[in-house]
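Q: No sequence on hand, only this structure:
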């Protein structure tokens, strides 16, 4: 049942709407499920599960439609065709995605892909990611780095060992650090740091890698 239809029923006086969303594996409604599975006990258990996971329609969810529209490229008509449960889950996902996506990247996400995201799995993933970020922040503070910022550290730690990060921090200037970051992102792997460590390779201009200018320094 779409949000638009729920809204119409609400306007007609049905103020206490509970939406039950069933799986479509054995049919589009309860009658088809009963015909196809032919197991009253299983059907009863399924109905109880579906009812337990029912969604109570809230007329104020219309504000969620406007928020989703503003933050994605979905249209009002498309959003109103979603079920209230899909709409609510999409809103929750976008709220969580804002912690991990740039505004423009979020704007380019396809609504169909958002709808298919398992919100419980993403919640679990976000908790793991959050714990990983907390761990990295702790490691950054314990290393007492002087040249690398926390943002630079969080990027480079995916590609380099701790001793390599310490070497970058102690031997490289901002321009060299910028070049390491730019080339690491470009090649999506660790690069030969001997091209940047002055004590090993003194002339950065002779490096095989691209050298970033000051305006390109990330973070």
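A: The structure has been received and is ready for your questions. Just so it is clear, the structure is predicted and the values come from calculations on it, not from any experiment. Numbering: from 1, shown residues only.
Q: Identify each of the strands in the chain and give its residue range.
A: Assigned by DSSP state E, the chain shows strands spanning 18-19, 55-56.
Q: Tell me which of these is the most buried.
A: strand 55-56 (a mean of 14; mean count of other Cβ atoms under 10 Å). Using the backbone N, CA and C atoms, a C-beta is placed for each residue, glycine as well.
Q: Packing partners of it?
A: Strand 55-56 is packed against strand 18-19, helix 84-97, with contacts defined by 3 or more Cβ pairs under 8 Å, 6 or more residues apart in numbering; DSSP states H and E.
Q: ok, back up a step: format the strands of the chain as TSV; extra columns: mean pLDDT.
A: Shown next, in TSV, are the strands of the chain (pLDDT from 0 to 100):
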stretch	mean pLDDT
strand 18-19	80
strand 55-56	78
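Q: Of all these, which one comes closest to residue 196?
A: Nearest to residue 196, of all these, is strand 55-56, at 55.3 Å by Cβ to Cβ.
Q: Starting from that closest one, tell me which strands it pairs with and how they run.
A: Take DSSP bridges as the rule and strand 55-56 pairs in its sheet with strand 18-19 (antiparallel).
Q: thinking again about what came up before, output the strands of the chain as a markdown table; include the columns distance to residue 148.
A: Compiled in a markdown table, the strands of the chain are given as follows (distance: least, Cβ to Cβ, whole Å):
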| stretch | distance to residue 148 |
| --- | --- |
| strand 18-19 | 51 |
| strand 55-56 | 47 |
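Q: for the protein, what spans make up the helices?
A: Counting by DSSP state H, one finds helices in the chain at the ranges 3-11, 30-37, 40-52, 62-71, 76-80, 84-97, 103-107, 111-115, 119-143, 150-156, 162-171, 174-187.
Q: For residue 115, grab the count of nearby residues.
A: Neighbours of residue 115 under the rule other Cβ atoms under 10 Å: 15.
Q: Give the closest residue to it in space, chain neighbours not counted.
A: residue 86 (5.6 Å; Cβ to Cβ, 6 or more residues apart in numbering).
Q: Verify the stated contact: the one you found with residue 117.
A: No - look at residue 86 against residue 117 with Cβ atoms under 8 Å: they stay out of range, at 10.8 Å.
Q: For those two, work out which one has more neighbours and name it.
A: Legend: neighbour count by other Cβ under 10 Å for residue 86 and residue 117, higher for residue 86 (19 against 16).
Q: Quick check: the gap between that one and residue 4.
A: Residue 86 is 12 Å from residue 4, where distance means Cβ to Cβ, to the nearest Å.
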